[in-house]
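Q: sequence plus predicted model, see below.
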Amino acid sequence: MKRFDNLDFIIVDVDSSILPWSIKARPLSILMKMCKITEKPVLASGFGLSWLVMFTATQGNHLRIINGHENGGPLNKINEILDGNIEKLKFLDP
């Protein structure tokens, strides 16, 4: 944490095709959340801007996207994932 405090600002420029809720974006999400909590200035484009929009919309709660292999998709496709059994939703980790 001391190294983080020594930084004056953070620049995040990651390809916008990386979705802020994806598993591979988790380390960046942690960095962005640390910046938000400590009010560290961030210049963000691409992923950073998408993450900020998601963080604001979800109040920082982690999303687990189950359809479309983490890419999302039409809601009418959710039945294909659940095989019509909505009881499976109870067993998903929040």
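A: Structure received. In this text the structure is predicted, and so the values were computed from the model without any measurement.
Q: next, count neighbours for the nearest residue to I10 once chain neighbours are set aside.
A: When the adjacent residues along the chain are set aside, I10 lies closest to V42, with 4.8 Å between them (C-beta to C-beta, 6 or more residues apart in numbering). Every C-beta, even on glycine, is put in place using the N, C-alpha and C of the backbone. In terms of burial, V42 registers 16 neighbours under the definition other C-beta atoms under 10 Å.
Q: you'd agree V42 is up against D13?
A: No. Under the criterion of C-beta atoms under 8 Å, V42 lies out of contact with D13, with a separation of 10.9 Å.
Q: who touches both of those two?
A: Counting by C-beta atoms under 8 Å, 6 or more residues apart in numbering, the residues touching both V42 and D13 are G48.
Q: give me the domain ranges for the protein.
A: 1-63, 64-94 (automatic domain parsing).
Q: may I see these arranged in TSV, with mean pLDDT as well?
A: Shown next, in TSV, are the domains of the chain (pLDDT from 0 to 100):
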stretch	mean pLDDT
domain 1-63	83
domain 64-94	66
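Q: from these, which stretch is densest packed?
A: Between those, the one whose residues have the most neighbours on average, counting mean count of other C-beta atoms under 10 Å, is domain 1-63 (a mean of 13).
Q: is it true that V12 lies in a strand?
A: Yes. Secondary structure of V12, determined by DSSP: H, G, I helix; E, B strand; the rest coil: located in a strand.
Q: what bridges to it?
A: Judged by DSSP bridges, the bridge partners of V12 are A44.
Q: distance check, it against Q59.
A: Applying C-beta to C-beta, to the nearest Å, the value for V12 to Q59 is 20 Å.
Q: same question for L43.
A: Between L43 and Q59 the distance is 23 Å, computed by C-beta to C-beta.
Q: what's the answer for K2, then?
A: Look at K2 and Q59: by C-beta to C-beta, they are 28 Å apart.
Q: so which strand or helix has G48?
A: Here G48, judged by DSSP states H and E, is contained in helix 47-58.
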